[in-house]
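J.: output the structure for:
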Amino acid sequence: MHRPMSTRQGKLIVFAMFTLACAAASSAHAADESIVPEELRKDVLPAKPKAGAFNNTLSIGSTGSYGHSSSVVGAADGSTVAIGVVIDGLSEWVSGAFECANTLKIQHTQTRTPQLPVFFKSADFAEIVSTSIYRLQSVPWFGPYARFRINTQLFGSYVLKATDYEIKQTRLDGTSTATKLAAQTRYDLASGFNPLVFAETVGAFANPIEQKWMTIKAKLGVGAQHVRSTSGFAVASDDTKAGKMEIKEIQEASQMGGEAEVALAGDVTEGVAWKAKANVFLPAYSTAGKKTGFDAMTSDLSFALGIKLAKWLSVDYTVTARRVPLVLDDWQIQNGIILTAGFKL
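T.: Have a look, this model is predicted:
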C-alpha cells in the first residue's frame, strides 16, 4: 500500500506543473485545450506568434453565481452560491515549420446550497498539454506531431451528503466494508493529485481549414496512457433514493493503443465564438488485464460557447463528458454557465 502524498510533495508538483506550462515550448493552436476559445483572446497574442521567440501569457479569472429561493415549490428555501477560479497558461514557440506549445489549465469551484450549508468542492481539474508539430513544406497543413498530457485533481476528493448514507468500500483484492455516514459528514476518497493520468501520443495531424470563421484540426496516432494512484477511491454507484453508495479502489495501470481527435472552432460574430472537441483512446494492451477494446475506451468530449462582454469579462457555456474506465467506469458529465472576470499577464 502506498503512502498518501504529503503537502510538501503536492506543492512541489504544483510548482513543477506551473513552470513547465510557462517555460516550455507550445503549439500555435494551444487554445484547443482552454475553456475559453482562442478567438476570444485576440488581444493576448498576435495572430501568428513571433518566429524564434517565446510568446507567453497567463490568464487568471474568477467565476461566480448566486441564487435564492423562498417558498418555491420543489426548491429548498435558502441561497445557492458558487465561486471559483480559472487559470490558463500558454507558452508558444515557432521556428520555421516547427511549432511547440505548452498549455496549463486549472479550474476549481466551491459551492454552497440550502441542503448543504457549507462550501464544498464541486469542480477541481488541472491539466498540462505539451504539443509539438512539424508542418511539411509541400503540404503545410499536414505533418507529424507528438503530445504529452497530464491531468489530475489539485485537492482531495470526498463524499458529503445532506442526509444519512451507507457507503460500501470495495478494494482491489475484492474485500469490502460498509460504513454509516451521518448527514453533512465528510468522507475522504482520495488525496490531492490522486489519481494522476499521463498520456503520450505520436502520429500525424491535419489542419485543412484554419480560418476565423472555422478551424478544423484532426490528429491520429498511437500512444500510451497511465494511471497512478495512492490508495485512492472513486464513486462507482450512487443511489440517492436508497441513500446508498459504492466506492471502488482506483487501480494503477498502463495501456497502449490508438488515439484519434477532431477539434472544431469558429466565430459566430465579433466577440461570440464556439468550439467542440472529441478525443478517444482505444487500448489494445493493458496491464489491468482484460480492460482493452471499446469497453475500455477513454473518451473526452466537450463543447463551449463564449461571449465576450468586455475586455476583462466573458460569459461561457461549457459542457464536458469524460469517461476513463481505469479510474471510473462511467461518464463524468459537467455543464454550466460561467461568468468570468479576470486579467491577463
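
J.: wait, a helix at Lys161?
T.: No: applying DSSP: H, G, I helix; E, B strand; the rest coil, one finds Lys161 to be coil, outside a helix.

J.: what about it, distance to Gly203?
T.: When distance is defined by C-beta to C-beta, to the nearest Å, Lys161 is 44 Å away from Gly203. Quick note: C-beta positions are derived from backbone N, CA and C, even for glycine.

J.: okay, helices next: where are they in the stretch 1-150 of the chain?
T.: 7-23 (DSSP state H, counting those that start in this stretch).

J.: nope, the stretch 201-345 of the chain is what I meant
T.: Taking DSSP H, counting those that start in this stretch as the criterion, the stretch 201-345 of the chain carries no helices.

J.: which one's more surrounded, Lys161 and Gly203?
T.: Neighbour count, other C-beta atoms under 10 Å: between Lys161 and Gly203, Lys161 has more, with 20 against 17.

J.: quick check: that one vs Glu127, distance?
T.: Computed as C-beta to C-beta, the Lys161 to Glu127 distance reads 28 Å.

J.: point out where the stretch 151-300 of the chain drops to low pLDDT.
T.: Flagging of the stretch 151-300 of the chain using pLDDT under 70 yields the residue ranges 290.

J.: ranges for the strands of it?
T.: Using DSSP state E, counting those that start in this stretch, the strands of the stretch 151-300 of the chain run over 157-159, 165-170, 176-181, 187-190, 196-210, 215-228, 233-239, 244-249, 253-269, 272-286, 298-310.

J.: so which of these comes closest to Cys100?
T.: strand 196-210 (13.3 Å; C-beta to C-beta).

J.: starting at the chain centroid, how far to that closest one?
T.: Distance, stretch centre to chain centre, for strand 196-210: 16 Å (C-alpha atoms, centre = their mean, to the nearest Å).

J.: tell me what angle that strand forms with strand 253-269.
T.: On the basis of axes from the mean of the first three to the mean of the last three C-alpha atoms, to 10 degrees, strand 196-210 is oriented at 40 degrees to strand 253-269.

J.: can you spell out which helices and strands pack onto strand 196-210?
T.: The helices and strands touching strand 196-210, judged by 3 or more C-beta pairs under 8 Å, 6 or more residues apart in numbering; DSSP states H and E, are strand 142-152, strand 215-228, strand 253-269.

J.: any chance of these in JSON lines with mean neighbour count and distance to Ala236 as columns?
T.: Converted to JSON lines, those look like this (neighbours: other C-beta atoms under 10 Å; distance: least, C-beta to C-beta, whole Å):
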{"stretch": "strand 142-152", "mean neighbour count": "18", "distance to Ala236": "20"}
{"stretch": "strand 215-228", "mean neighbour count": "18", "distance to Ala236": "15"}
{"stretch": "strand 253-269", "mean neighbour count": "18", "distance to Ala236": "16"}
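
J.: format these as a markdown table; extra columns: distance to Leu104.
T.: As requested, the helices and strands packed on strand 196-210 are exported to a markdown table (distance: least, C-beta to C-beta, whole Å):
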| stretch | distance to Leu104 |
| --- | --- |
| strand 142-152 | 10 |
| strand 215-228 | 19 |
| strand 253-269 | 18 |
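
J.: closest to Met245 out of the ones you listed?
T.: For Met245, the closest of these is strand 215-228, at 21.7 Å, according to C-beta to C-beta.

J.: packing partners for that closest one?
T.: Judged by 3+ C-beta pairs under 8 Å, 6+ apart, strand 215-228 is in contact with strand 142-152, strand 196-210, strand 253-269, strand 272-286.

J.: quick one: strands adjacent to the third one?
T.: Read that as strand 253-269. strand 215-228 (antiparallel), strand 272-286 (antiparallel) (DSSP bridges).
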